[in-house]
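Asks: what's the 3D shape of this:
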Amino acid sequence: MEMERELQEIQDYLEEPLSDVPERVMERGAKLSVYLARAGRMSAQAKALYNKALNEEIMKIIEKVATQAGVSHTTTNALVKSAAYREQLVYERAEKAYKECVHQLDWCRSVLSYHKEEMRMQHFGV
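Replies: Numbering: from 1, shown residues only. The predicted model follows:
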């Protein structure tokens, strides 16, 4: 699945060591902004795919088979959800990548603010 490959690319980047060198932080912030947009788009797409996988026809079939076999409603729901396991996993990965991009962008802003304040203090001799 293409989306899984893209998510792995983002995850690999998110796991790279962080630098506090302002130029590298700015580069990282720029790349994270792109990844943030991609992860947000993929999250929405993955959620749609998940919902599609749980469409009414699949649920009807599973419920019919489960009812005939005497399976409980709780077990039937578990079977329905397991039918869309992969789609749910992709959705969760996209959500986590999106959130991690947000956290790392916040970190980039903090580091740049720190360096800006440090430069201001050096310039004014404070």
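Asks: same question for whichever strand or helix holds residue 79, mean pLDDT?
Replies: Per DSSP states H and E: residue 79 is located in helix 73-83. Average pLDDT, helix 73-83: 78.
Asks: Check stretch 46-64 too.
Replies: 81.
Asks: packing partners for the helix or strand that the helix holding residue 79 is followed by?
Replies: Sequence order places helix 85-124 as the next helix or strand after helix 73-83, per DSSP H and E. Packing partners of helix 85-124 (3 or more C-beta pairs under 8 Å, 6 or more residues apart in numbering; DSSP states H and E): helix 2-14, helix 22-53. The way it works is simple: take the backbone N, C-alpha and C, and place the C-beta from them, glycine included.
Asks: Ok, which of those comes nearest residue 61?
Replies: helix 22-53 (12.7 Å; C-beta to C-beta).
Asks: List the buried residues in the closest one.
Replies: Neighbour-count burial for helix 22-53, counted by 16 or more other C-beta atoms under 10 Å, picks out 22, 25, 28-29, 32, 35-36, 38-40, 42-43, 46-47, 49-50, 53.
Asks: will you turn the helices and strands packed on helix 85-124 into a markdown table that also has distance to residue 67?
Replies: Converted to a markdown table, those look like this (distance: least, C-beta to C-beta, whole Å):
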| stretch | distance to residue 67 |
| --- | --- |
| helix 2-14 | 34 |
| helix 22-53 | 21 |
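Asks: Much appreciated, bye for now.
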